[in-house]
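J.: requesting a structural model of the entry that follows:
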Amino acid sequence: MIHNNNVYYLDDDDDDDYPYCSECYHKITNRAIKNYSYKPETIFYGEGNLFYGIELEIDKGGEYDENAQKIIDIANKDAERIYCKHDGSIDSGFEIVSPCSNGRVSFNYIPLERYTFKSNRAWLPLT
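T.: Have a look, this model is predicted:
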């Protein structure tokens with residue numbers, strides 16, 4: 001049992017339906033792979049009227065926080081460019097999501113062809 005003064009709620013739990021103790025709350029919020037409903041503050045890169053973001057689904061490599069964290073560390077080395085989140089349409093993996101860009105900002109900051117995890121190809125070189 002948790003006293004009301006020690007209850008935490010996730011930001012996307014608008015109705016405060018799911019109370020968490022401090023330890024569980026911090027485990028959930030500090031995961032590299034966020035839950036599906038996670039939506040950070042929108043960041044727009046570039047100028048203009050047309051912006052788009054990328055969702056790259058990684059399947060069959062597992063939903064491992066340590067793998068997602070490696071990708072986040074590389075991609076976000078100089079700026080916050082991606083986050084990872086759970087995707088129910090993927091059997092065993094997660095998706096990488098980029099913020100909105102005007103098209104002049106590319107996805108080349110992740111050397112995709114270099115990454116394999118747990119003996120599974122998580123990335124396929126683009127040819």
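
J.: for stretch 30-39, what does the pLDDT average out to?
T.: For stretch 30-39, the mean per-residue pLDDT is 86.

J.: in it, which residues are buried?
T.: Using 16 or more other Cβ atoms under 10 Å as the test for burial, stretch 30-39 gives 31-34, 38. (Glycine included, C-beta is placed from N, CA and C.)

J.: repeat for stretch 81-90
T.: Buried residues in stretch 81-90 (16+ other Cβ under 10 Å): 81-87.

J.: likewise for stretch 7-19?
T.: Across stretch 7-19, burial judged by 16+ other Cβ under 10 Å covers 8, 10.

J.: tell me, what residue is most central in this protein?
T.: residue 84 (1.4 Å; Cα atoms, centre = their mean).

J.: how does the chain divide into domains?
T.: Segmentation of the chain into domains, based on automatic domain parsing, reads 1-30, 32-127.

J.: which of these is buried the deepest?
T.: Ranked by mean neighbour count, the domains of the chain are led by domain 32-127 with a mean of 14 (mean count of other Cβ atoms under 10 Å).

J.: got phi/psi on residue 68?
T.: Phi and psi for residue 68, reported as degrees, to the nearest 10, are phi -60, psi -40.

J.: which ones are touching it?
T.: 32-33, 84, 94 (Cβ atoms under 8 Å, 6 or more residues apart in numbering).

J.: same deal with residue 44?
T.: 51, 99-102.

J.: quick one: pLDDT of residue 57?
T.: Residue 57 carries a pLDDT score of 87 in this model.

J.: low-confidence regions, the protein specifically.
T.: Counting by pLDDT under 70, the chain has low-confidence residues at 12-14, 103-127.

J.: tell me where it has helices.
T.: For the chain, applying DSSP state H gives helices covering 22-29, 65-75.

J.: just checking, residue 65 touches residue 30?
T.: No - using Cβ atoms under 8 Å as the test, residue 65 is too far from residue 30 to be in contact (9.3 Å).
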